[in-house]
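Student: structural data only, the sequence is not supplied:
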C-alpha cells in the first residue's frame, strides 16, 4: 500500500475524500469489526472529532479527539502491541495524554504481552450492537411480537412507497433531516446538533461515498430514510436511520424493509452504539442483538487504574 500521500507521524492530516481509496484499501485488508473503523463514519465526523491520519512506520493510524481527550484507533496487524506501546510512550514523553479508543474485546490477545504497562477502561456506552440479518428480516418468535405488530400497523394504515435512496432524492433527504432536527429540538441538544452535522456531511457527499440507502415516501414525500456502508465481508453497518415519528411503525418499517431488500447478502448488521442514551439503549436491546461487541479505551498504566 502506498502511504506517500499522507504525512509521517507525528504529523497528521484531517481525512478527506482524497484519502478514500487509500483508507478503503486498508480497511478491506484488516476487515474491522468495530463501527468506528468505517470510512463513511469517519468522514462524517472528521471535522467534529478532528479525525486525522498519519503514516507510522508504514502503518495507517487514525487519530481523533472526543470531549477534549486525544485518542487513536486500534492498529490491527502483526505489530499491534509494538505500535500501541510506541505511540503511547511518544505522547507521554511529550507530556500529552492519549489513549487507544474502541479496542474490541475479541482483539485483546494482540496486546497480551504488554499487560504490565497498560490499563483498560470498559466503554459500555460505545459497545456495538450486532444483529443477525435474518432475525431483522423475519422478526420470528414471541420476542419480536411487538415489532411485527408495529410493522403490520404501518403497512395497513399508510399508503407508502419504499425505494432505494438515489442521488436524485438526496436533496429531499436533506430537507427531511432539517425537519427531523426541528422535531427533536436539535438546537437545544449539543449531541443532536453534532449528529445532525455529521449526517449532513454524508448526504451532501453521498455520491462520492461507499454508501447506499433507502427511503420511505408517504404522499410522495420522504418520511424516513436510512444509509448503510459495508464494514467487513460479513457485516453491514447502519450509519443513519431517521423517520417521522408521527407515523406509527415507521421505524420498524424502514428497519425491516431495508434489511429484507438490501442487506440480505450480509450475515450481520452492526447498528453502532447507544452512546449511553437510556432510550436508545432500550430500543437497541428490544431488537435482541446477536451480541454486543465490547470495547475498551487503553492507556499507559498509573496508580488509579487496574491492569488487564
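Tutor: It's in. Predicted, not measured: the structure shown is a model, and the values here were computed from it.
Student: only C-alpha atoms from now on, for both contacts and neighbour counts.
Tutor: Noted.
Student: next, count neighbours for residue 136.
Tutor: Residues within reach of residue 136, counting by other CA atoms under 10 Å, total 24.
Student: which residues touch it?
Tutor: By CA atoms under 8 Å, 6 or more residues apart in numbering, the residues touching residue 136 are 255-256, 259, 287.
Student: could you list which of those belong to helices?
Tutor: Among these, DSSP state H puts 255-256, 259 in helices.
Student: can I get the residues you listed in TSV including distance to residue 172 and neighbour count?
Tutor: As requested, these are exported to TSV (distance: CA to CA, whole Å; neighbours: other CA atoms under 10 Å):
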residue	distance to residue 172	neighbour count
255	20	18
256	22	21
259	22	21
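Student: give me the helix or strand of the protein that scores worst on average pLDDT.
Tutor: Counting by mean pLDDT, DSSP states H and E, the chain has its least confident helix or strand at strand 118-122, which shows a mean of 91.
Student: now the two most distant members of the contacts of residue 136.
Tutor: Greatest spatial distance in these: 259 and 287, 13.1 Å, computed using CA to CA.
Student: helix/strand/coil for residue 276?
Tutor: coil (DSSP: H, G, I helix; E, B strand; the rest coil).
Student: list the contacts of it.
Tutor: By CA under 8 Å, 6+ apart, the residues touching residue 276 are 124-126.
Student: likewise residue 238?
Tutor: Contacts of residue 238 (CA under 8 Å, 6+ apart): 226-229, 269-272.
Student: please repeat the previous calculation with a cut-off of 7 Å.
Tutor: Residue 238 makes contact with 227-229, 270-271, according to CA atoms under 7 Å, 6 or more residues apart in numbering.
Student: want to throw those residues into JSON lines with distance to residue 299 and neighbour count?
Tutor: Formatted as JSON lines, those follow (distance: CA to CA, whole Å; neighbours: other CA under 10 Å):
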{"residue": "227", "distance to residue 299": "34", "neighbour count": "23"}
{"residue": "228", "distance to residue 299": "32", "neighbour count": "24"}
{"residue": "229", "distance to residue 299": "30", "neighbour count": "21"}
{"residue": "270", "distance to residue 299": "26", "neighbour count": "27"}
{"residue": "271", "distance to residue 299": "27", "neighbour count": "20"}
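Student: same list, the residues you listed, but as CSV with secondary structure, distance to residue 205 and pLDDT please.
Tutor: What follows is those, written out as CSV (DSSP: H, G, I helix; E, B strand; the rest coil; distance: CA to CA, whole Å; pLDDT from 0 to 100):
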residue, secondary structure, distance to residue 205, pLDDT
227, strand, 12, 98
228, strand, 14, 98
229, strand, 14, 98
270, strand, 22, 98
271, coil, 21, 98
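Student: now distance to residue 279 too, for these, in CSV please.
Tutor: Formatted as CSV, the contacts of residue 238 follow (distance: CA to CA, whole Å):
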residue, distance to residue 279
227, 21
228, 22
229, 25
270, 18
271, 15
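Student: now for those residues, which pair is the farthest apart?
Tutor: 227 and 270 (12.3 Å).
Student: filter the contacts of residue 276 down to the buried ones.
Tutor: Neighbour-count burial within the contacts of residue 276 applies to 124, 126; the criterion is 16 or more other CA atoms under 10 Å.
Student: let me know the closest of the contacts of residue 276 to residue 222.
Tutor: Nearest to residue 222 among the contacts of residue 276: residue 126, at 30.1 Å, using CA to CA.
Student: sec struct for the closest residue to that closest one other than its chain neighbours, please.
Tutor: Among residues not flanking residue 126 along the chain, residue 273 sits closest, at 4.9 Å (CA to CA, 6 or more residues apart in numbering). When classified by three-state DSSP, residue 273 comes out as coil.
Student: sorry, back to before: could you dump the ones in helices among the contacts of residue 136 into TSV and include distance to residue 103?
Tutor: TSV is the format used below for the ones in helices among the contacts of residue 136 (distance: CA to CA, whole Å):
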residue	distance to residue 103
255	28
256	30
259	28
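Student: where do the helices of the stretch 1-150 of the chain begin and end?
Tutor: 20-30, 39-45, 80-93, 133-138, 145-157 (DSSP state H, counting those that start in this stretch).
Student: quick one: closest of those to residue 169.
Tutor: Taking the helices of the stretch 1-150 of the chain one by one with CA to CA, helix 39-45 is closest: 18.8 Å.
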